[in-house]
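Undergrad: Sequence first, predicted model second:
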Amino acid sequence: DAKTTQPPSMDCAEGRAANLPCNHSTISGNEYVYWYRQIHSQGPQYIIHGLKNNETNEMASLIITEDRKSSTLILPHATLRDTAVYYCIVRVESNTGKLIFGQGTTLQVKP
Amino acid sequence: NAGVMQNPRHLVRRRGQEARLRCSPMKGHSHVYWYRQLPEEGLKFMVYLQKENIIDESGMPKERFSAEFPKEGPSILRIQQVVRGDSAAYFCASSPPGLASYEQYFGPGTRLTVT
């Protein structure tokens, strides 16, 4: 599985867009990019995933570069409740289901 | 539609006792995954089960830990003869039938404290 690199922490002002980068330079053609977050003491929460096209849902947008070596999760209007650890995970669609969580990015949304 | 349910939410056991953690997947989901989060550490995969089958237990400690997902009832993670190092948050996740999915829905976790 491709290894991911994320900044350990980021700050964002409330109401602004939060842009969380993820580097996955060794990603291969059939590997998907998944984003999860974990709000303090809660279970992780699925956010979004994509293969090569940009994706958007009610929570966030995922922008994947054309060469697929990096991606950015965008929270368009961050709120205090978006303060969490955000994980970028690269997985092959297969029958294992094993999510491998790295250290993630701790996003602090400030008033 | 109720989410993934785990109980108990908090469990205190003395060293040497057994701990049983229960997980009820979301309605209609047939895949269950268990993860462990040690204090100040990241989430680690433990085991992936379908009904009556263990599919991947590559993250399970070799001794004292077992998991099941019977035809009826919740999935159970069982830890025998607990030690202080087992103190952690244990999260269960589920996904719908079909291929195993990386779009998993997590429960609130069980926080195990071993005294």
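TA: Now that the structure is in, tell me what you want to look at.

Undergrad: contacts, neighbours, all on C-alpha from now
TA: Will do.

Undergrad: Write out the residues of chain A neighbouring chain B.
TA: A:34, A:42-46, A:91, A:93-103 (CA under 8 Å from any CA of the partner chain).

Undergrad: For chain A, see how far away B:Val4 is.
TA: 10 Å (CA to the nearest CA, to the nearest Å).

Undergrad: who does the worst-scoring helix or strand of chain A on mean pLDDT pair up with?
TA: The weakest-scoring helix or strand in chain A, judged by mean pLDDT, DSSP states H and E, is strand A:84-92 (a mean of 92). Looking at strand A:84-92 with DSSP bridges, its partner strands are strand A:31-38 (antiparallel), strand A:105-110 (antiparallel).

Undergrad: Would you reformat those strands as CSV and include distance to A:Lys52, mean neighbour count and mean pLDDT?
TA: Converted to CSV, the strands paired with strand A:84-92 look like this (distance: least, CA to CA, whole Å; neighbours: other CA atoms under 10 Å in any protein chain shown; pLDDT from 0 to 100):
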stretch, distance to A:Lys52, mean neighbour count, mean pLDDT
strand A:31-38, 8, 21, 94
strand A:105-110, 22, 20, 97
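
Undergrad: Can I get the ones you listed in TSV including distance to B:Pro74?
TA: Below are the strands paired with strand A:84-92 laid out as TSV (distance: least, CA to CA, whole Å):
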stretch	distance to B:Pro74
strand A:31-38	24
strand A:105-110	33
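
Undergrad: now the helices: where do they sit in chain B?
TA: In chain B, no segments count as helices under DSSP state H.

Undergrad: Show residues contacting the least confident helix or strand of chain A.
TA: A:1-4, A:6, A:22, A:24, A:27, A:30-40, A:99-108, B:102 (CA atoms under 8 Å, 6 or more residues apart in numbering or on different chains).

Undergrad: circling back: give me the buried subset of the residues of chain A next to chain B.
TA: The neighbour count (16 or more other CA atoms under 10 Å in any protein chain shown) marks A:34, A:43-46, A:91, A:96-103 as buried among these.

Undergrad: Can you tell me the centre-most residue of chain B?
TA: B:Trp34 (3.7 Å; CA atoms, centre = their mean).

Undergrad: Please tell me how far that residue sits from A:His77.
TA: 32 Å (CA to CA, to the nearest Å).

Undergrad: quick one: contacts for B:Leu11?
TA: B:19, B:110-113.

Undergrad: can you name the two of the buried ones among the residues of chain A next to chain B that are farthest apart?
TA: A:Thr96 and A:Gln103 (21.3 Å; CA to CA).

Undergrad: What sits closest to B:Ala67 if chain neighbours are left out?
TA: B:Leu77 (4.5 Å; CA to CA, 6 or more residues apart in numbering or on different chains).
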